[in-house]
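> model this:
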Amino acid sequence: DAKVTMAPTEGKQGQNDLEEEKLNKDLFKKLSEYMSAEVSASTHEYQLMGKLNLIVANRYKGMQEKAAKLNEFLRGLDEKYKKLEPYLQQVTQLHDNVVKLEKVVVQLDQYTKKLEQQFKEVYP
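Down below sits the predicted model:
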C-alpha cells in the first residue's frame, strides 16, 4: 500500500481556495445588498416624484378652476357693460349738453350785464 501524502503546498492551496471562495461569496453578497439598496432608493425616488406630480396636478387643477370662474365672471361683466353702454352714451351726451348750456348761460349773463349797463347809461 502506498500512502498518499499531501504536499504542504497542496494543503495551503486548498485553504487558499476556501478563503477565496468565502471572499467571493461575501463580495457577491455585499454587491447584491448594494444593488438592492440602489434599486430600493430609485423606487423611493420614483414614488416621491409620483406624489409630487399628483400634488402639482391638483394645484394646477385648482388654478384652472379659478381661472374658469374668473373668465365666467369677466364675461358677465362684459355683458352688463354692453347692456349699460347705451345709458352711458346718454350720460356722456347729457354731460356735453350741460357743458354747452353752461357756456350759453355765461354768454347770456354777460349779455344781460352789458344790457343792464347800457340801460343805466340811458336812464340814470
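> remind me which residues of the chain are low pLDDT?
Per-residue confidence for the chain (pLDDT under 70) gives these ranges: 1-11.
> Do a quick rundown of the helices in it.
Taking DSSP state H as the criterion, the chain carries its helices at 8-122.
> Gln47 versus Glu33, what's the distance?
21 Å (Cβ to Cβ, to the nearest Å). Placement of C-beta: from N, CA and C, glycine included.
> Number of residues surrounding Ser56?
Residue 56: Val, not Ser. Using other Cβ atoms under 10 Å, Val56 is surrounded by 10 other residues.
> ok, now the one 10 residues further on?
Using other Cβ under 10 Å, Lys66 has 10 neighbouring residues.
> go on, Thr112?
Residues near Thr112, counting by other Cβ under 10 Å: 10.
> what do you get for Lys25?
By other Cβ under 10 Å, neighbour count at Lys25 equals 10.
> How about the one 5 residues further on?
Neighbours of Lys30 under the rule other Cβ under 10 Å: 10.
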